[in-house]
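S.K.: pasted the sequence and its predicted model underneath.
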Amino acid sequence: MQYENIRMAHFIVRDNRFICHCKLIETDEVVVVHVKNTGRGKEVLLAGALVALNYQPSPKRKTDYDLVAVKKDAMWINIDSQLPNALAYEGILTGKINLPHFPGKLASLKREVTYGNSKFDLFAKSDTGAKAFIEVKGMTLENKGIGAFPDAPTLRGLKHVKELQMAHDAGYFTYVLFIVQFEKITKATIHAEMQPQLAENFALAMADGVEVLAYNCKVEPNQVILKKQVPFDLAYPFIDPNEVNDG
């Protein structure tokens, strides 16, 4: 994934879930920016942080810039919530992402397919007739090499895990695929303290056969490249850096 019009800036303040203000490094101009992620991002969206803005001027838009990445220490973290689905789709098509136990060769892959009361991100069919639902989630929360989801409670995520379990019971292959939007990670997990019920539902779904995968990415201000599978461990405790910082 390549961004064509990146401008470097320093983060100033987040006004709400969708809007922030940043100062362009090249001109010192303060600009209004669309935040392409509704998560909290408290551990990275700090005053003065180096950020990457994608310049996308259009008369149909309220802002000319999208905040797509932020630098945390020496590491870039992409926060574009639209990116994981695109990377997952391309990764499965090219075989870079492997769906364990899915029999045969991939015959088709569709986006946004409805099942029950949910719309799952991807629906795959194999040449053997097997069918699979894949729900894609972006992971941007990190502390000391551990990645976690979510960084804010998610009712939508809770619903998806439950309905993936139902789909598996009905004979479909089912997967939760985390696209880790940063590179340096040793393990991925669920942020149980943030949303205990989500962790509990993941445990039930995994015990029933829903598979959970995580793939990290090489991230630069203007580019994100899918790298490799990283271990997912539901039982691994995640220490929220926001809780530590808050004392």
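M.R.: In hand now; what should we look at? Predicted model only: the values in this text are computed from it and were never measured. Residues are numbered from 1 along each chain as shown.

S.K.: so which residue is dead centre in the protein?
M.R.: Gly138 (0.7 Å; Cα atoms, centre = their mean).

S.K.: ok, that residue - contacts?
M.R.: By Cβ atoms under 8 Å, 6 or more residues apart in numbering, the contact list for Gly138 reads Asn37, Ser81, Leu83, Pro84, Phe178, Ile179, Gln181. To be clear about C-beta, it is placed using only N, CA and C from the backbone, and glycine gets the same treatment.

S.K.: now with 10 Å, please.
M.R.: 37, 39, 78-85, 87-88, 149-151, 178-181, 217 (Cβ atoms under 10 Å, 6 or more residues apart in numbering).

S.K.: those residues in helices, which ones?
M.R.: The helices, defined by DSSP state H, take in Leu83, Pro84, Asn85, Leu87, Ala88 from the contacts of Gly138.

S.K.: show me which of those residues is closest to Tyr236.
M.R.: Nearest to Tyr236 among the ones in helices among the contacts of Gly138 is Pro84, at 21.1 Å by Cβ to Cβ.

S.K.: flag the shaky bits of the protein, pLDDT-wise.
M.R.: Applying pLDDT under 70 to the chain flags the ranges 242-247.

S.K.: any idea which residue of this protein is furthest from its center?
M.R.: In the chain, the residue most distant from the centre (Cα atoms, centre = their mean) is Thr27, at 31.5 Å.

S.K.: now do it against Ile225, distance only.
M.R.: Distance, Thr27 to Ile225, by Cβ to Cβ, to the nearest Å: 30 Å.

S.K.: likewise for Ala170?
M.R.: 36 Å.

S.K.: and what of Ile146?
M.R.: Counting by Cβ to Cβ, the gap from Ile146 to Ile225 is 22 Å.

S.K.: neighbour count winner among these two?
M.R.: Ile146 (18 against 12; other Cβ atoms under 10 Å).
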